[in-house]
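A.B. asks: give me a 3D structure for the following:
(4 chains)
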Number of protein chains: 2
Amino acid sequence: MALLATDRAEMSARSQAKDASDYVLDEQVGHLLRRAHQRHAAIFLEMIDDAQLTPLQFGAIMKLADVGQTSQNQLGRLTAMDAATMQGVIKRLIARGLVVRGPDPDDRRRLLLTLSANGVALAGQVVQRGLEISAKTLEPLSASERETFLKLLARLSD
Amino acid sequence: MALLATDRAEMSARSQAKDASDYVLDEQVGHLLRRAHQRHAAIFLEMIDDAQLTPLQFGAIMKLADVGQTSQNQLGRLTAMDAATMQGVIKRLIARGLVVRGPDPDDRRRLLLTLSANGVALAGQVVQRGLEISAKTLEPLSASERETFLKLLARLSD
DNA sequence: AATCCATCGTTCGTATACAAACAATTGGCT
DNA sequence: AGCCAATTGTTTGTATACGAACGATGGATT
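C.D. replies: Sure thing, here's the model as predicted:
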(Lines give C-alpha, C1' and ligand atoms only; values in the text may rest on other atoms or scores of the structure.)
Protein backbone atom coordinates (compact mmCIF):
# COMPACT_ATOMS: atom_id res chain seq x y z
CA MET A 1 0.00 0.00 0.00
CA ALA A 2 1.39 3.26 -1.15
CA LEU A 3 1.98 6.11 1.21
CA LEU A 4 0.27 9.39 0.56
CA ALA A 5 2.41 12.41 -0.13
CA THR A 6 1.19 13.89 3.13
CA ASP A 7 2.44 10.84 5.04
CA ARG A 8 5.84 11.25 3.45
CA ALA A 9 5.92 14.90 4.36
CA GLU A 10 5.01 13.97 7.90
CA MET A 11 7.81 11.42 8.11
CA SER A 12 10.18 13.97 6.76
CA ALA A 13 9.15 16.43 9.40
CA ARG A 14 10.15 13.80 11.93
CA SER A 15 13.55 13.62 10.28
CA GLN A 16 13.45 9.98 9.38
CA ALA A 17 16.05 8.68 6.94
CA LYS A 18 15.15 9.02 3.30
CA ASP A 19 16.65 7.91 0.08
CA ALA A 20 15.95 9.22 -3.37
CA SER A 21 13.35 6.54 -4.04
CA ASP A 22 11.09 8.08 -1.40
CA TYR A 23 10.59 11.05 -3.68
CA VAL A 24 7.78 10.28 -6.11
CA LEU A 25 7.95 13.01 -8.70
CA ASP A 26 4.43 12.41 -9.98
CA GLU A 27 2.95 13.13 -6.57
CA GLN A 28 4.71 16.44 -5.95
CA VAL A 29 2.66 19.63 -6.23
CA GLY A 30 5.28 21.44 -8.24
CA HIS A 31 5.46 18.77 -10.89
CA LEU A 32 1.68 18.48 -11.09
CA LEU A 33 1.31 22.25 -11.31
CA ARG A 34 3.85 22.33 -14.11
CA ARG A 35 2.10 19.58 -16.04
CA ALA A 36 -1.35 21.09 -15.57
CA HIS A 37 0.03 24.40 -16.77
CA GLN A 38 1.59 22.70 -19.79
CA ARG A 39 -1.72 21.06 -20.63
CA HIS A 40 -3.54 24.37 -20.35
CA ALA A 41 -1.00 26.11 -22.59
CA ALA A 42 -1.44 23.39 -25.21
CA ILE A 43 -5.24 23.76 -25.10
CA PHE A 44 -4.87 27.53 -25.29
CA LEU A 45 -2.61 27.52 -28.32
CA GLU A 46 -4.83 25.05 -30.12
CA MET A 47 -8.08 26.89 -29.48
CA ILE A 48 -6.83 30.44 -29.99
CA ASP A 49 -5.28 29.57 -33.36
CA ASP A 50 -6.67 32.22 -35.69
CA ALA A 51 -5.90 35.04 -33.26
CA GLN A 52 -2.21 34.10 -32.97
CA LEU A 53 -1.92 35.07 -29.33
CA THR A 54 0.05 33.52 -26.49
CA PRO A 55 -1.53 33.18 -23.04
CA LEU A 56 0.46 36.16 -21.73
CA GLN A 57 -0.37 38.35 -24.70
CA PHE A 58 -4.02 37.42 -24.26
CA GLY A 59 -3.90 38.22 -20.57
CA ALA A 60 -2.27 41.58 -21.15
CA ILE A 61 -4.88 42.52 -23.77
CA MET A 62 -7.82 41.47 -21.62
CA LYS A 63 -6.47 43.35 -18.62
CA LEU A 64 -5.83 46.44 -20.71
CA ALA A 65 -9.37 46.22 -22.06
CA ASP A 66 -10.54 46.10 -18.48
CA VAL A 67 -8.54 48.93 -16.92
CA GLY A 68 -8.27 51.15 -19.99
CA GLN A 69 -4.89 52.74 -19.52
CA THR A 70 -1.90 51.98 -17.29
CA SER A 71 1.83 52.03 -17.11
CA GLN A 72 3.87 49.00 -18.09
CA ASN A 73 4.89 48.04 -14.57
CA GLN A 74 1.35 48.49 -13.30
CA LEU A 75 0.02 46.20 -16.01
CA GLY A 76 2.73 43.76 -15.05
CA ARG A 77 1.49 43.74 -11.47
CA LEU A 78 -2.08 43.20 -12.60
CA THR A 79 -1.09 40.25 -14.77
CA ALA A 80 1.69 38.78 -12.59
CA MET A 81 4.53 39.50 -15.00
CA ASP A 82 7.82 41.06 -13.93
CA ALA A 83 9.08 44.17 -15.68
CA ALA A 84 11.47 42.32 -17.99
CA THR A 85 8.83 39.88 -19.18
CA MET A 86 6.23 42.63 -19.60
CA GLN A 87 8.69 44.53 -21.75
CA GLY A 88 8.93 41.67 -24.25
CA VAL A 89 5.20 40.97 -24.29
CA ILE A 90 4.32 44.62 -24.90
CA LYS A 91 7.01 45.00 -27.54
CA ARG A 92 5.40 42.23 -29.58
CA LEU A 93 1.88 43.60 -29.12
CA ILE A 94 3.04 47.04 -30.25
CA ALA A 95 4.76 45.46 -33.28
CA ARG A 96 1.41 43.91 -34.21
CA GLY A 97 -0.40 47.21 -33.80
CA LEU A 98 -2.61 45.98 -30.96
CA VAL A 99 -1.22 48.26 -28.26
CA VAL A 100 -0.14 51.90 -28.29
CA ARG A 101 2.54 53.25 -25.98
CA GLY A 102 3.11 56.90 -25.10
CA PRO A 103 4.74 59.05 -22.44
CA ASP A 104 2.94 59.91 -19.20
CA PRO A 105 2.81 63.72 -18.96
CA ASP A 106 2.57 63.51 -15.16
CA ASP A 107 5.55 61.17 -14.66
CA ARG A 108 8.29 61.01 -17.22
CA ARG A 109 9.52 57.65 -15.98
CA ARG A 110 6.30 56.02 -17.07
CA LEU A 111 5.01 54.76 -20.40
CA LEU A 112 1.25 54.66 -20.71
CA LEU A 113 -0.29 51.72 -22.55
CA THR A 114 -3.63 51.66 -24.38
CA LEU A 115 -5.31 49.22 -26.71
CA SER A 116 -5.42 50.41 -30.32
CA ALA A 117 -8.68 50.20 -32.29
CA ASN A 118 -7.43 46.87 -33.64
CA GLY A 119 -6.62 45.79 -30.10
CA VAL A 120 -10.12 46.61 -28.87
CA ALA A 121 -11.64 44.77 -31.81
CA LEU A 122 -9.48 41.70 -31.25
CA ALA A 123 -10.27 41.71 -27.53
CA GLY A 124 -13.96 41.59 -28.33
CA GLN A 125 -13.47 38.77 -30.79
CA VAL A 126 -11.55 36.49 -28.45
CA VAL A 127 -13.25 36.90 -25.05
CA GLN A 128 -15.58 34.02 -25.73
CA ARG A 129 -12.66 31.88 -26.86
CA GLY A 130 -10.88 32.61 -23.61
CA LEU A 131 -13.83 31.40 -21.59
CA GLU A 132 -14.09 28.27 -23.72
CA ILE A 133 -10.40 27.58 -23.14
CA SER A 134 -10.92 27.81 -19.39
CA ALA A 135 -13.88 25.45 -19.63
CA LYS A 136 -11.95 22.99 -21.76
CA THR A 137 -9.07 23.00 -19.29
CA LEU A 138 -11.45 22.18 -16.44
CA GLU A 139 -13.38 19.62 -18.46
CA PRO A 140 -12.04 16.56 -16.59
CA LEU A 141 -13.76 17.83 -13.43
CA SER A 142 -17.43 17.97 -12.51
CA ALA A 143 -19.06 21.32 -11.85
CA SER A 144 -18.69 21.09 -8.08
CA GLU A 145 -15.15 19.79 -8.35
CA ARG A 146 -14.27 22.78 -10.53
CA GLU A 147 -15.52 25.16 -7.90
CA THR A 148 -13.58 23.39 -5.15
CA PHE A 149 -10.45 23.24 -7.27
CA LEU A 150 -10.48 26.91 -8.23
CA LYS A 151 -10.96 28.00 -4.63
CA LEU A 152 -8.05 25.91 -3.41
CA LEU A 153 -5.86 26.87 -6.37
CA ALA A 154 -6.50 30.56 -5.73
CA ARG A 155 -5.19 30.11 -2.20
CA LEU A 156 -1.93 28.72 -3.57
CA SER A 157 -1.53 31.63 -5.97
CA ASP A 158 -0.56 34.62 -3.85
CA MET B 1 -21.27 45.38 -37.51
CA ALA B 2 -22.29 47.20 -34.36
CA LEU B 3 -24.94 45.60 -32.21
CA LEU B 4 -28.22 47.36 -31.51
CA ALA B 5 -29.02 47.99 -27.86
CA THR B 6 -31.89 45.54 -28.09
CA ASP B 7 -29.61 42.84 -29.49
CA ARG B 8 -27.09 43.36 -26.77
CA ALA B 9 -29.73 43.29 -24.06
CA GLU B 10 -31.19 40.10 -25.41
CA MET B 11 -27.87 38.34 -25.77
CA SER B 12 -26.79 39.49 -22.37
CA ALA B 13 -29.98 38.13 -20.87
CA ARG B 14 -29.17 34.76 -22.41
CA SER B 15 -25.56 35.09 -21.31
CA GLN B 16 -24.33 34.42 -24.81
CA ALA B 17 -22.59 37.58 -25.98
CA LYS B 18 -19.55 38.68 -24.04
CA ASP B 19 -17.42 41.76 -24.05
CA ALA B 20 -13.89 42.01 -22.77
CA SER B 21 -15.02 43.09 -19.31
CA ASP B 22 -16.71 39.72 -18.81
CA TYR B 23 -13.30 38.08 -18.76
CA VAL B 24 -11.91 38.21 -15.23
CA LEU B 25 -8.28 37.19 -15.56
CA ASP B 26 -7.86 36.40 -11.88
CA GLU B 27 -10.58 33.78 -12.02
CA GLN B 28 -9.26 31.85 -15.03
CA VAL B 29 -7.65 28.46 -14.41
CA GLY B 30 -4.74 29.16 -16.69
CA HIS B 31 -3.79 32.34 -14.91
CA LEU B 32 -4.16 30.74 -11.49
CA LEU B 33 -2.11 27.72 -12.55
CA ARG B 34 0.60 30.02 -13.81
CA ARG B 35 0.68 32.02 -10.59
CA ALA B 36 0.65 28.95 -8.37
CA HIS B 37 3.49 27.54 -10.44
CA GLN B 38 5.40 30.81 -10.09
CA ARG B 39 4.94 30.74 -6.34
CA HIS B 40 6.15 27.16 -6.16
CA ALA B 41 9.22 27.96 -8.28
CA ALA B 42 10.06 30.85 -5.96
CA ILE B 43 9.74 28.61 -2.88
CA PHE B 44 11.83 25.96 -4.59
CA LEU B 45 14.68 28.27 -5.51
CA GLU B 46 14.73 29.77 -2.04
CA MET B 47 14.75 26.45 -0.17
CA ILE B 48 17.12 24.53 -2.45
CA ASP B 49 19.72 27.29 -2.31
CA ASP B 50 22.93 25.47 -1.39
CA ALA B 51 22.33 22.71 -3.95
CA GLN B 52 22.02 25.18 -6.83
CA LEU B 53 19.39 23.17 -8.69
CA THR B 54 16.40 24.26 -10.73
CA PRO B 55 13.10 22.38 -10.41
CA LEU B 56 13.69 20.58 -13.71
CA GLN B 57 17.25 19.60 -12.85
CA PHE B 58 16.01 18.33 -9.51
CA GLY B 59 13.23 16.35 -11.16
CA ALA B 60 15.62 14.78 -13.68
CA ILE B 61 18.05 13.76 -10.94
CA MET B 62 15.35 12.27 -8.72
CA LYS B 63 13.87 10.33 -11.60
CA LEU B 64 17.28 9.07 -12.66
CA ALA B 65 17.94 7.98 -9.08
CA ASP B 66 14.65 6.10 -9.25
CA VAL B 67 14.98 4.30 -12.58
CA GLY B 68 18.75 3.93 -12.62
CA GLN B 69 19.51 4.22 -16.31
CA THR B 70 17.56 5.43 -19.32
CA SER B 71 17.82 7.21 -22.60
CA GLN B 72 17.37 10.95 -22.84
CA ASN B 73 13.98 10.81 -24.55
CA GLN B 74 12.72 8.20 -22.12
CA LEU B 75 13.76 10.35 -19.17
CA GLY B 76 12.02 13.25 -20.87
CA ARG B 77 8.79 11.27 -21.00
CA LEU B 78 9.11 10.31 -17.34
CA THR B 79 9.61 13.94 -16.32
CA ALA B 80 7.31 15.64 -18.86
CA MET B 81 10.06 17.45 -20.76
CA ASP B 82 10.25 17.48 -24.53
CA ALA B 83 13.46 16.37 -26.24
CA ALA B 84 14.79 19.89 -26.80
CA THR B 85 14.29 20.92 -23.18
CA MET B 86 15.73 17.65 -21.90
CA GLN B 87 18.81 18.23 -24.02
CA GLY B 88 19.53 21.51 -22.28
CA VAL B 89 18.82 20.22 -18.79
CA ILE B 90 21.09 17.18 -19.23
CA LYS B 91 23.83 19.25 -20.82
CA ARG B 92 24.01 21.40 -17.68
CA LEU B 93 23.91 18.39 -15.34
CA ILE B 94 26.75 16.75 -17.29
CA ALA B 95 28.73 19.99 -17.14
CA ARG B 96 28.38 19.88 -13.35
CA GLY B 97 29.49 16.28 -13.23
CA LEU B 98 26.20 15.01 -11.80
CA VAL B 99 25.17 12.90 -14.79
CA VAL B 100 27.14 10.63 -17.11
CA ARG B 101 26.14 10.03 -20.72
CA GLY B 102 27.27 7.12 -22.90
CA PRO B 103 26.23 5.22 -26.01
CA ASP B 104 23.68 2.40 -25.88
CA PRO B 105 25.32 -0.74 -27.32
CA ASP B 106 21.91 -2.11 -28.29
CA ASP B 107 20.67 0.99 -30.12
CA ARG B 108 23.12 3.43 -31.56
CA ARG B 109 20.53 6.21 -31.75
CA ARG B 110 20.29 6.31 -27.98
CA LEU B 111 22.37 7.93 -25.29
CA LEU B 112 22.17 6.24 -21.91
CA LEU B 113 22.11 8.48 -18.83
CA THR B 114 23.28 7.55 -15.35
CA LEU B 115 23.88 9.49 -12.16
CA SER B 116 27.56 9.92 -11.33
CA ALA B 117 28.79 9.22 -7.80
CA ASN B 118 28.41 12.94 -7.11
CA GLY B 119 24.92 12.81 -8.57
CA VAL B 120 23.89 9.94 -6.31
CA ALA B 121 25.32 11.74 -3.30
CA LEU B 122 23.55 14.98 -4.15
CA ALA B 123 20.27 13.15 -4.72
CA GLY B 124 20.48 11.69 -1.24
CA GLN B 125 21.25 15.06 0.26
CA VAL B 126 18.30 16.89 -1.29
CA VAL B 127 15.41 14.41 -1.14
CA GLN B 128 14.26 15.76 2.16
CA ARG B 129 14.50 19.33 0.91
CA GLY B 130 12.27 18.37 -1.98
CA LEU B 131 9.60 17.05 0.33
CA GLU B 132 9.83 20.15 2.50
CA ILE B 133 9.40 22.31 -0.59
CA SER B 134 6.22 20.44 -1.49
CA ALA B 135 4.93 20.85 2.06
CA LYS B 136 5.73 24.56 2.07
CA THR B 137 3.94 25.03 -1.25
CA LEU B 138 0.82 23.38 0.16
CA GLU B 139 1.08 25.17 3.49
CA PRO B 140 -1.92 27.47 2.90
CA LEU B 141 -4.20 24.41 2.81
CA SER B 142 -5.33 22.10 5.59
CA ALA B 143 -4.38 18.42 5.46
CA SER B 144 -7.67 17.33 3.97
CA GLU B 145 -7.70 20.21 1.52
CA ARG B 146 -4.23 19.19 0.34
CA GLU B 147 -5.42 15.71 -0.41
CA THR B 148 -8.45 16.98 -2.28
CA PHE B 149 -6.40 19.48 -4.20
CA LEU B 150 -3.72 17.00 -5.27
CA LYS B 151 -6.31 14.52 -6.50
CA LEU B 152 -8.10 17.13 -8.59
CA LEU B 153 -4.85 18.63 -9.85
CA ALA B 154 -3.60 15.22 -10.96
CA ARG B 155 -6.72 14.85 -13.10
CA LEU B 156 -5.88 18.09 -14.89
CA SER B 157 -2.33 16.98 -15.56
CA ASP B 158 -2.54 14.32 -18.25
C1' DA C 1 18.19 73.41 -2.24
C1' DA C 2 20.59 69.16 -1.47
C1' DT C 3 20.34 64.54 -0.62
C1' DC C 4 18.62 59.93 -0.23
C1' DC C 5 15.72 56.36 -1.54
C1' DA C 6 12.11 54.32 -4.31
C1' DT C 7 10.16 53.52 -8.77
C1' DC C 8 10.23 53.15 -13.87
C1' DG C 9 11.63 50.87 -17.96
C1' DT C 10 15.69 48.58 -20.37
C1' DT C 11 19.24 45.27 -21.07
C1' DC C 12 21.97 41.09 -20.15
C1' DG C 13 22.49 36.37 -18.84
C1' DT C 14 20.54 31.96 -17.71
C1' DA C 15 16.90 28.54 -17.89
C1' DT C 16 12.63 26.65 -19.27
C1' DA C 17 9.14 25.45 -23.18
C1' DC C 18 8.01 23.87 -27.67
C1' DA C 19 7.48 23.70 -32.92
C1' DA C 20 9.99 22.47 -36.84
C1' DA C 21 13.59 20.69 -39.55
C1' DC C 22 17.45 17.60 -39.68
C1' DA C 23 20.71 13.28 -39.99
C1' DA C 24 21.37 8.78 -38.20
C1' DT C 25 19.44 4.63 -37.02
C1' DT C 26 15.99 1.09 -36.21
C1' DG C 27 12.10 -1.98 -37.10
C1' DG C 28 8.33 -3.55 -39.88
C1' DC C 29 6.76 -4.93 -44.22
C1' DT C 30 7.10 -6.74 -48.60
C1' DA D 1 17.43 -7.74 -49.52
C1' DG D 2 15.04 -3.39 -50.01
C1' DC D 3 12.00 0.15 -48.68
C1' DC D 4 9.51 3.01 -45.50
C1' DA D 5 7.82 4.80 -41.39
C1' DA D 6 9.02 5.71 -36.70
C1' DT D 7 12.37 6.95 -33.17
C1' DT D 8 16.50 9.33 -31.28
C1' DG D 9 19.01 13.32 -30.30
C1' DT D 10 20.44 18.05 -32.10
C1' DT D 11 19.78 22.63 -33.66
C1' DT D 12 17.25 26.91 -34.69
C1' DG D 13 13.83 30.28 -33.69
C1' DT D 14 10.36 32.32 -30.76
C1' DA D 15 8.36 33.23 -26.23
C1' DT D 16 8.12 33.07 -21.37
C1' DA D 17 10.47 33.77 -16.60
C1' DC D 18 13.41 36.19 -13.51
C1' DG D 19 17.69 38.03 -11.07
C1' DA D 20 20.75 41.74 -11.49
C1' DA D 21 22.63 45.95 -12.93
C1' DC D 22 21.74 50.27 -15.10
C1' DG D 23 20.30 55.36 -16.07
C1' DA D 24 16.49 58.48 -15.54
C1' DT D 25 13.16 60.40 -12.76
C1' DG D 26 10.18 61.17 -8.71
C1' DG D 27 9.04 62.02 -3.79
C1' DA D 28 10.44 62.77 0.87
C1' DT D 29 13.41 64.50 4.37
C1' DT D 30 16.33 67.57 6.16
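
A.B. asks: and the next helix or strand past the helix or strand bottoming out on mean pLDDT in chain A?
C.D. replies: Across the helices and strands of chain A, mean pLDDT, DSSP states H and E gives its lowest value to helix A:5-13, namely a mean of 55. Following helix A:5-13 in sequence order, the next helix or strand is helix A:29-47 (DSSP states H and E).

A.B. asks: is the helix or strand following that following helix anywhere near DNA strand C?
C.D. replies: Sequence order places helix A:55-67 as the next helix or strand after helix A:29-47, per DSSP H and E. No: applying Cβ under 7 Å from any atom of the strand, one finds helix A:55-67 out of contact with DNA strand C, separated by at least 11.4 Å. Just so you know, the C-beta spots here come from the backbone N, C-alpha and C atoms, and that holds for glycine as well.

A.B. asks: okay, the residue in chain A that DNA strand C sits nearest to: pLDDT?
C.D. replies: Nearest to DNA strand C in chain A, going by Cβ to the nearest atom of the strand, is A:N73, at a distance of 2.9 Å. Note for A:N73: predicted pLDDT of 96.

A.B. asks: quick one: contacts of the longest strand belonging to chain A?
C.D. replies: Using DSSP state E to define each element, chain A has its longest strand at strand A:107-115. Applying Cβ atoms under 8 Å, 6 or more residues apart in numbering or on different chains, the contact partners of strand A:107-115 are A:61, A:64-65, A:68-73, A:75, A:90, A:98-104, A:123.

A.B. asks: buried sites along it?
C.D. replies: By neighbour count on 16 or more other Cβ atoms under 10 Å in any protein chain shown, the buried set for strand A:107-115 is A:110-113, A:115.

A.B. asks: ok, stretch A:115-125 next?
C.D. replies: Residues of stretch A:115-125 classed as buried by neighbour count (16+ other Cβ under 10 Å): A:115, A:119-120, A:122-123.

A.B. asks: farthest-separated two in those residues?
C.D. replies: Using Cβ to Cβ, the pair of these lying farthest apart is A:L115 and A:L122, separated by 8.4 Å.

A.B. asks: identify the contacts common to those two.
C.D. replies: Common neighbours of A:L115 and A:L122 (Cβ under 8 Å, 6+ apart) are A:61, A:98.

A.B. asks: could you point out the helix or strand that follows the helix or strand that contains A:G88?
C.D. replies: Here A:G88 sits within helix A:83-95, counting by DSSP H and E. Where DSSP H and E defines the elements, the next helix or strand beyond helix A:83-95 is strand A:99-104.

A.B. asks: tell me the residues of chain A that contact DNA strand D?
C.D. replies: Going by Cβ under 7 Å from any atom of the strand, the residues of chain A near DNA strand D are A:54-57, A:80-85, A:88-89, A:92, A:107-109.

A.B. asks: now the buried members of those residues.
C.D. replies: Listed as buried from the residues of chain A next to DNA strand D are A:55-57, A:80-81, A:89; burial here means 16+ other Cβ under 10 Å.

A.B. asks: and those residues as CSV, adding pLDDT?
C.D. replies: Compiled in CSV, these are given as follows (pLDDT from 0 to 100):
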residue, pLDDT
A:P55, 97
A:L56, 98
A:Q57, 97
A:A80, 97
A:M81, 97
A:V89, 98
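
A.B. asks: what about the helix or strand hosting A:G124 and chain B, any contact?
C.D. replies: Assigned by DSSP H and E, A:G124 falls within helix A:117-138. Yes: against chain B, helix A:117-138 shows contacts by Cβ under 8 Å from any Cβ of the partner chain at A:120, A:123-124, A:127-128, A:130-131, A:133-134, A:137-138.

A.B. asks: can you pick the most crowded of those residues?
C.D. replies: A:G130 (27 neighbours; other Cβ atoms under 10 Å in any protein chain shown).

A.B. asks: for the residue lying closest to that residue once chain neighbours are set aside, phi and psi?
C.D. replies: What sits nearest to A:G130 in space, not counting adjacent residues and going by Cβ to Cβ, 6 or more residues apart in numbering or on different chains, is B:Y23, at 5.3 Å. Taking degrees, to the nearest 10, you get phi -100, psi 110 for the backbone angles of B:Y23.
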